[in-house]
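Novice: Compute the structure for the input listed below.
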Amino acid sequence: MNQKKIETFVIEQEDANIRLDNFLSNIYQDISRSYIQKQIKTGRVTVNTNTTKPSYILKNDDVISTDFEDAAAEVIEPQNIPLEILYEDNSMLVVNKPAGMLTHPTSLEKENTLVNALLYYTNGKLSDCNGLFRPGIVHRLDRNTSGLLMAAKNNDAYNFLKSEMQQHNIEKKYYAIVSGVIKDDTGTINEPIGRHRSKPEKMAVVHDGKPSVTHYKVMERFNNCTLVEVKIETGRTHQIRVHMAYIKHPVVNDTLYGGTKIPVKTKEQLLQAYSLKFTSPQDNSEHLIKIDFDDDIIKTLNYLRSKK
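Specialist: From the prediction side, this is the model:
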């Protein structure tokens, strides 16, 4: 007998301005779009507790609830996967996510993600504001982007940290090795980002996208690549990768956005979240955490320096 799939999702800015049925198709990749549209039309999907149409355009902070009778219920299992915890208190933690690990499960991949590891480490004590697949997750890193990521242990902490992010009070900095030689020592990319018009797996600079601001500073130049420090004011999906590709300097080894391939074995794009400045929800104490280059960046820098 099939069980219900009852879930709740809170829409983040990067998922705003897309159709409801498109959003749910991305979430439930093992369920047909026609099935999802039928469920919406029969009232088994609500937005802010109201029934609506499949074509409804999502807005930031919309709350979607699904009640799918014919889909198997999902269970995200805790897994004893080693974690590098760099900060922890009773309200939150900061973990160094390795490249190659998904931040949270999807309908197709439900094991070996950061969420599986966090559920085990915290004995399930994570915020449930963000749905079954994303407990505790305040912000995401792409599978092949390594580095610092915050998780909330309770809903008050989650709401506090999300508010801090929306008010730009959390400072995130990245290392990236990008294609080509950037001439200017510093620069700012202020271009709106939204879903790619014809390739839903990609984001792009689009005129009706969400405001997105990326600052970069050159740290070292090589024959055909540049090491940069990147600071983002906004947190759009794939923001750094999209913006660097937009100025014709895509991240090295980023096959999705056209990055230069170099003969060093790495886990796709050479991008690392290395610095995180935040205020803890527990006691309003301020913290700054930094980490060194990850192994993929070290290997690549050694190779590039040998070719100078």
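
Novice: Wasn't Lys172 part of a strand?
Specialist: Yes. Under DSSP: H, G, I helix; E, B strand; the rest coil, Lys172 falls within a strand.

Novice: Does it touch Ser275 like I think?
Specialist: Yes. If you go by C-beta atoms under 8 Å, Lys172 and Ser275 touch, sitting 7.1 Å apart. (C-beta placed from N, C-alpha, C; glycine too.)

Novice: Need the residues touching each of the two.
Specialist: Common contacts of Lys172 and Ser275 (C-beta atoms under 8 Å, 6 or more residues apart in numbering): Leu148.

Novice: Looking at those two, which is more packed in?
Specialist: Neighbours per residue, other C-beta atoms under 10 Å: of Lys172 and Ser275, the larger number sits with Lys172, 23 against 18.

Novice: Got phi/psi on His243?
Specialist: Main-chain torsions, His243, degrees, to the nearest 10: phi -70, psi -40.

Novice: isn't it right next to Ile189, touching?
Specialist: Yes. His243 lies in contact with Ile189 (C-beta under 8 Å); the separation is 4.3 Å.

Novice: Have a look at these two and say which one is more surrounded.
Specialist: Counted by other C-beta under 10 Å, His243 and Ile189 do not tie: His243 has more neighbours, with 27 against 20.

Novice: Name whatever forms a beta bridge with the residue lying closest to Lys173 once chain neighbours are set aside.
Specialist: Distances taken as C-beta to C-beta, 6 or more residues apart in numbering put Ser275 closest to Lys173, at 3.8 Å, once the chain neighbours are dropped. Ser275 has these beta-bridge partners by DSSP bridges: Lys173, Lys290.

Novice: and Ser275, how far is that from Thr260?
Specialist: To Thr260, Ser275 is 25 Å away according to C-beta to C-beta, to the nearest Å.

Novice: Which positions within stretch 233-241 qualify as buried?
Specialist: Neighbour counts over stretch 233-241 (16 or more other C-beta atoms under 10 Å) mark 234-241 as buried.

Novice: could I get those residues as a markdown table with pLDDT?
Specialist: Formatted as a markdown table, the buried residues of stretch 233-241 follow (pLDDT from 0 to 100):
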| residue | pLDDT |
| --- | --- |
| Thr234 | 88 |
| Gly235 | 85 |
| Arg236 | 88 |
| Thr237 | 87 |
| His238 | 94 |
| Gln239 | 96 |
| Ile240 | 97 |
| Arg241 | 97 |
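
Novice: sec struct for the nearest residue to Thr237 once chain neighbours are set aside, please.
Specialist: Of all residues not flanking Thr237 in the chain, Glu14 sits nearest, at 4.1 Å (C-beta to C-beta, 6+ apart). Using three-state DSSP, the structure places Glu14 in helix.
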